[in-house]
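Visitor: Fold the following and give me the result.
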Amino acid sequence: MKIPVFVSSPTSLSPSQEAARTVIVQQLDDNDLEPRALGRSDYPTELPLREVLLIARHCSGGVILGFEQCRADSGVLKPGTSAEKRVSTPLTFPSPWNHLESGILFGLRLPILVFREEGITGGVFDNGVSDVFVHPIPSPDITGTAKAALKQVFQRWAGKVREHYYDDKRA
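Guide: The predicted structure is shown next:
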């Protein structure tokens, strides 16, 4: 039996993003973990945010995938404040659901693994926000030492997931 883990990822991804997501899902499978996600493995019967909580309560870990979902080519950050700043290079943003779902997972004290595409920042994707290291999204054609390093990251995290799962089952 595979241990369920919540995967926070947009359902609409570009082909290269979907290929990168597949690399992550394969790592889950290699570690006998089952990905659970709203809109992919589970579909809401109630309010979506409540459904996320219900799914997450049955999981023993979480993976946050920060894929670009919005791009702003220009704009103003913190308008009307002393920290106001004009943006001249494109800014990329993840799905806001990544932040909501990671907050739920954190609140449930689940082991979390966070990945982000180049340029994704803010909230859970900022280093030092939680005790979790933020990893780059793996390339779909990952090989060699990079693949071995990714495998080690998943094995360490999967150990924490199993610990949570079996401790939770004894309670």
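
Visitor: C-alpha from now on. contacts and neighbour counts both.
Guide: Fine.

Visitor: number of nearby residues for the residue lying closest to residue 108 once chain neighbours are set aside?
Guide: In this structure, residue 108 finds its nearest non-sequential neighbour in residue 57, 7.3 Å apart by Cα to Cα, 6 or more residues apart in numbering. Residue neighbour count, defined by other Cα atoms under 10 Å, stands at 16 for residue 57.

Visitor: Now residue 10: closest residue in space, sequence neighbours ignored.
Guide: Nearest to residue 10 is residue 95, by Cα to Cα, 6+ apart, at 6.5 Å.

Visitor: I'd guessed that neighbour sits against residue 69; true?
Guide: Yes - at 5.7 Å, residue 95 and residue 69 qualify as touching, with contact defined as Cα atoms under 8 Å.

Visitor: Please enumerate the shared neighbours of these two.
Guide: Counting by Cα atoms under 8 Å, 6 or more residues apart in numbering, the common neighbours of residue 95 and residue 69 are residue 10.

Visitor: Which of the helices or strands spans residue 166?
Guide: Using DSSP states H and E, residue 166 sits within helix 144-170.

Visitor: list the helices and strands that helix packs on?
Guide: helix 15-30 (3 or more Cα pairs under 8 Å, 6 or more residues apart in numbering; DSSP states H and E).

Visitor: residues making contact with the helix it packs on?
Guide: So helix 15-30 is contacted by 34, 35, 65, 67, 137, 138, 139, 140, 151, 154 (Cα under 8 Å, 6+ apart).

Visitor: in that helix, what counts as buried?
Guide: 17, 18, 19, 20, 21, 23, 24, 25, 27, 28 (16 or more other Cα atoms under 10 Å).

Visitor: repeat for stretch 105-125
Guide: Applying 16+ other Cα under 10 Å to stretch 105-125 flags 105, 110-117, 119-121, 123-125 as buried.

Visitor: Next one, pLDDT for the residue most central in space within the chain please.
Guide: With distances taken as Cα atoms, centre = their mean, residue 64 lies nearest the centre of the chain, 0.6 Å away. Per-residue pLDDT puts residue 64 at 97.

Visitor: so which helix or strand takes in residue 34?
Guide: Using DSSP H and E, residue 34 falls in strand 33-36.

Visitor: Name every strand pairing with that strand and say which way it goes.
Guide: strand 3-8 (parallel) (DSSP bridges).

Visitor: and for the partner strand, what are the contacting residues?
Guide: Residues contacting strand 3-8 (Cα under 8 Å, 6+ apart): 32-37, 55-56, 58-65, 97-98, 101-102, 162, 165.

Visitor: Could I have the CA atoms of that strand written out in PDB?
Guide: Coordinates of the C-alpha atoms in strand 3-8 are reproduced here as PDB (Å, rounded to 0.1, in the frame of the first residue of the first chain):
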ATOM      1  CA  ILE A   3       1.300   6.300   1.600                       C
ATOM      2  CA  PRO A   4      -0.800   9.300   0.400                       C
ATOM      3  CA  VAL A   5       0.900  12.700   0.000                       C
ATOM      4  CA  PHE A   6      -0.700  15.900  -1.100                       C
ATOM      5  CA  VAL A   7       0.700  17.500  -4.200                       C
ATOM      6  CA  SER A   8       0.000  21.200  -4.700                       C
END
